[in-house]
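Novice: I need the structure of the sequence given here:
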Amino acid sequence: DSLQERPNFVLMMVDDLGIGDLGCYGNTSLTPNIDRLAQEGVKLTQHIAAASLCTPGRAAFLTGRYPIRSVFLFTAASGGLPRREVTFAKIAKQRGYETALIKWHLGLNCGSSQDHCHHPHAHGFSFFFGVPLTNLRDCQPGHGTVFQIHKYLPYGTMGAVLLSAAALHLSGAWRLRRGLLLGLPVLVLVLAGMTAGFVWTVPYLNCVLFRDGSIVEQPFRSENLTQRMTREAVAFMERNSARPFLLFFSFLQVHTAMFASAAFKGSSRHSVYGDAVHEVDWSVQILQTLGRLGLREKTLVYLSSDQGAHLEEEVHGGSNGVYKGKSTNWEGGIRVPGILSWTGTIPAGGEISEPVSNMDLFPTVVRLSGASVPQDTSVWKAFFFTPNFYPEGKAACFHTHVCFCTPDYVTYHDPPLLFDLSKDPSESRPLTADTEPAFWAVLAAMEEAADSHRRSVQPVESQFSADKLMWKPWLQPCCSTFRQLCRCQ
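Specialist: Numbers count the residues shown, from 1 in each chain. The predicted model follows:
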């Protein structure tokens, strides 16, 4: 086929949007643009995110490969999506497409603050406007910090004092130099002050807005950021209307900390969360640009979320419907909205209940081909361990803001929990050998598949080691000087 006959792609990914947040999925929120998109195309009711956390889910979406489960908290960390990974943007660019990305959260630099080894430009995107990290709570004045220092600093300080005093006492050093003991509280206060000061500088160091390889704002202003991102997306489509393009519009909203532009504050019945959903819906008007340019019938449009609603961190709203959890492998963490529309190619008003992964977008974009799914089959899902929700009876981990996967925070199941999602999508009725004749056979097949997958995985350098995740001053992007806290507007 010729270059001009290939379709455009507009892929929209909202951050932390729950499957129960949209009008077309049963919410009372007004989301007319998104609801219209669902009416004009097909709605996926069992659309599965590749991971329940931002960074791994986005990596899997771009590459079509299974992810690891961790995230980046510093712009100046050296981890990121390795350059050798093949994204659908790289392939599209090789095929003659113009490519653009809004937002990122997959790393920035490796060895210096300017090498941009993990930058979107290194992964097939010709144009980039957005933030290399995400919308941390620290980026919004008055929303506190993602590091929860107020919870742990007093205990850490007290522990450091007691341990240091005990070490001095046991070694006898305090008898020789009592000044050491007297100076210990001063040292602890200095260390505590440095820690608090570092957290105070997080907005200036982590909340950075880029256009391509240059810093636009540091820290970024969120008041009208979604509107500015929307204008950039529209301008990109207008510049490239005469040739195929791929636009990946990844929203900062509705990730905590919550924000909405002035025009949307108080516009919903669901507090600031609903206001943010309204603004996202307004932004979906970029599809009107496709109509104005005469490109609606030449463009595949996709809208989804990177994972389920984050219920723990700021309880303003967010709905995962009947599904449990976020940041976990319960359905509430991974079952997300999914809408596909392609006027004249995808029939309008459709609904697909078969399991579809957002990793399926990779082969779809690359090959534009589909597959038939067997009908009337059970969809099995097994849990070898599950997170310990807190408080008991809730479907989230409110005490830690995210659910951890380390042994102290999970319950192991032997035999594993088994659910039939086609009959029990809320995962409320685990099957047993008494209720499901194929119980042991299904678990055996799953354990064999999991073991085969583990054996097939080739070890690679971890992008989430302590060395890769720690903040490194020499990798910090800075549009002024450290004395000015890297501020520029």
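
Novice: who's the nearest residue to Gly350 once chain neighbours are set aside bridged to?
Specialist: In space, and not counting its chain neighbours, Gly350 is closest to Val42: 3.7 Å by C-beta to C-beta, 6 or more residues apart in numbering. Placement of C-beta: from N, CA and C, glycine included. Beta-bridge partners of Val42, counted by DSSP bridges, are Leu340, Gly350.

Novice: and the gap between Val42 and Ser305?
Specialist: 17 Å (C-beta to C-beta, to the nearest Å).

Novice: and these two? Which one has more around it.
Specialist: The neighbour count for Val42 versus Ser305, taken as other C-beta atoms under 10 Å, is higher for Ser305 (27 against 17).

Novice: now do the contacts for the most centrally placed residue in the chain.
Specialist: Nearest to the geometric centre of the chain sits Cys54, at 2.0 Å (C-alpha atoms, centre = their mean). By C-beta atoms under 8 Å, 6 or more residues apart in numbering, Cys54 lies in contact with 15, 71, 105, 134, 255, 306-307.

Novice: same thing but at 7 Å, please
Specialist: 15, 71, 105, 134, 306 (C-beta atoms under 7 Å, 6 or more residues apart in numbering).

Novice: what's the domain layout of the chain?
Specialist: 3-136+207-371+463-469, 149-202, 380-456 (automatic domain parsing).

Novice: ranges for the helices of the stretch 51-200 of the chain?
Specialist: Here the stretch 51-200 of the chain has its helices, by DSSP state H, counting those that start in this stretch, at 54-63, 88-94, 149-171, 173-176, 178-206.

Novice: mean pLDDT lowest where, among the ones you listed?
Specialist: Set side by side, the helices of the stretch 51-200 of the chain differ in mean pLDDT, and helix 173-176 is lowest with a mean of 53.

Novice: quick one: low-confidence parts of the chain?
Specialist: 1-4, 68-73, 141-185, 187-188, 191-192, 195-196, 198-199, 203, 310-329, 368-377 (pLDDT under 70).

Novice: in it, which strand is the longest?
Specialist: strand 410-420 (DSSP state E).

Novice: name the helices or strands packed onto it?
Specialist: Contacts defined by 3 or more C-beta pairs under 7 Å, 6 or more residues apart in numbering; DSSP states H and E place strand 410-420 against strand 380-387, helix 439-456.

Novice: who's in contact with the longest one?
Specialist: For helix 439-456, contacts defined as C-beta under 7 Å, 6+ apart pick out 380, 382, 415-416, 418, 431-433.

Novice: show me which residues of that helix are buried.
Specialist: 442-443, 446 (16 or more other C-beta atoms under 10 Å).

Novice: and that helix, how far out from the chain middle?
Specialist: Here helix 439-456 is found 28 Å from its chain centre; the criterion is C-alpha atoms, centre = their mean, to the nearest Å.

Novice: cool, the shortest one as well?
Specialist: What separates the centre of strand 380-387 from the centre of its chain is 22 Å, taken as C-alpha atoms, centre = their mean.

Novice: with stretch 15-28 instead?
Specialist: The answer for stretch 15-28 is 17 Å, by C-alpha atoms, centre = their mean.

Novice: could you pull out the buried residues of that stretch?
Specialist: 15-25, 27.

Novice: mind checking how far Ser29 is from Met446?
Specialist: Distance from Ser29 to Met446, by C-beta to C-beta: 37 Å.

Novice: then Ile19?
Specialist: 24 Å.

Novice: can you give me the strands in the protein?
Specialist: 8-14, 42-48, 98-102, 127-130, 209-211, 214-217, 245-250, 299-305, 335-341, 350-352, 356-357, 380-387, 410-420.

Novice: can you list the strands that the fourth one pairs with?
Specialist: Read it as strand 127-130. Short version: by DSSP bridges, strand 127-130 pairs with strand 98-102 (parallel), strand 209-211 (antiparallel).

Novice: CA atoms only for the longest one, dumped as PDB, please.
Specialist: Extracted as PDB, the C-alpha positions of strand 98-102 are listed here (Å, rounded to 0.1, in the frame of the first residue of the first chain):
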ATOM      1  CA  GLU A  98       5.200  11.700  11.800                       C
ATOM      2  CA  THR A  99       5.000  10.800  15.400                       C
ATOM      3  CA  ALA A 100       4.200  12.800  18.600                       C
ATOM      4  CA  LEU A 101       4.000  12.200  22.300                       C
ATOM      5  CA  ILE A 102       2.300  14.100  25.100                       C
END
